[in-house]
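Asks: this one's sequence-less:
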């Protein structure tokens, strides 16, 4: 589904991503592990089109998407939930979630909303409340629900567990497992890898813009290098 070859991303004279190769297939969850500055978010931003790559190729379902805008990539089926619980603070919870489904017909938006409520029951209870009034964990769930509501084929999650209490981590993990069952591919980044390793199929350890170790999550967990991120 997603194929990355020899990807380079630079900011000024600094290389944020330095020759990365990566593949994801339908229904697979792939985890990028690394500390701040490792290049994880830069790689995600290159896939969604928020930054331009200096070199390399990004292909989605066999099509080179390197020259496409972020909006065009979203229309192809690439969803994105950014780091930092970015919600539209003054908009209602329901409107925030359905903002991700704006291109879908009304009947499909209703179906997607029902699906999000089934996954995250608190959405129904808070649907008319301004999203900015929610707790941090709830805002993160709203941002993820917004990305899922657009029916993506590939979902990019940037640090979804950052600063969250265990109860919210469990709900996000359950949502990822549901996406796996539906055949949605997920590429997620994390610094605190322990909960992410429980739901991912495959992992890459990044450092200084490069992938240093790769393997199944069982193999990554067993590597001495992974101790830095657990």
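Replies: All right, it came through fine. Source: prediction; values computed, not measured.
Asks: for the residue nearest the centre of the chain, which residues make a bridge with it?
Replies: For the chain, the residue nearest the mean C-alpha position is residue 157 (1.5 Å; C-alpha atoms, centre = their mean). The partner list for residue 157 in beta bridges (DSSP bridges) reads residue 81, residue 188.
Asks: Can you give me the distance of it to residue 33?
Replies: As defined by C-beta to C-beta, to the nearest Å, residue 157 lies at a distance of 13 Å from residue 33. In short, each C-beta sits where N, CA and C put it, glycine included.
Asks: Which residues are in contact with each of the two?
Replies: Residues within reach of residue 157 and of residue 33 at once, by C-beta atoms under 8 Å, 6 or more residues apart in numbering, are residue 189.
Asks: what about this structure, any weak spots by pLDDT?
Replies: 84-85, 222-230 (pLDDT under 70).
Asks: Could you pull out the helices in it for me?
Replies: Ranges of helices within the chain are 40-48, 70-76, 93-98, 106-119, 122-125, 136-149, 166-181, 194-197, 217-222, based on DSSP state H.
Asks: For residue 204, which of those helices is the nearest?
Replies: helix 217-222 (8.2 Å; C-beta to C-beta).
Asks: and the closest one, which residues are buried?
Replies: Buried residues in helix 217-222, counted by 16 or more other C-beta atoms under 10 Å: 217, 220, 221.
Asks: just stretch 68-83 next, same as before
Replies: Of the residues in stretch 68-83, those buried (16+ other C-beta under 10 Å) are 68, 73, 74, 77, 78, 79, 80, 81, 82, 83.
Asks: can you tell me the distance between the two ends of that stretch?
Replies: One end of stretch 68-83 sits 22 Å from the other (C-alpha to C-alpha, to the nearest Å).
Asks: how far does it sit from the chain's center?
Replies: What separates the centre of stretch 68-83 from the centre of its chain is 11 Å, taken as C-alpha atoms, centre = their mean, to the nearest Å.
Asks: Understood, closing this out.
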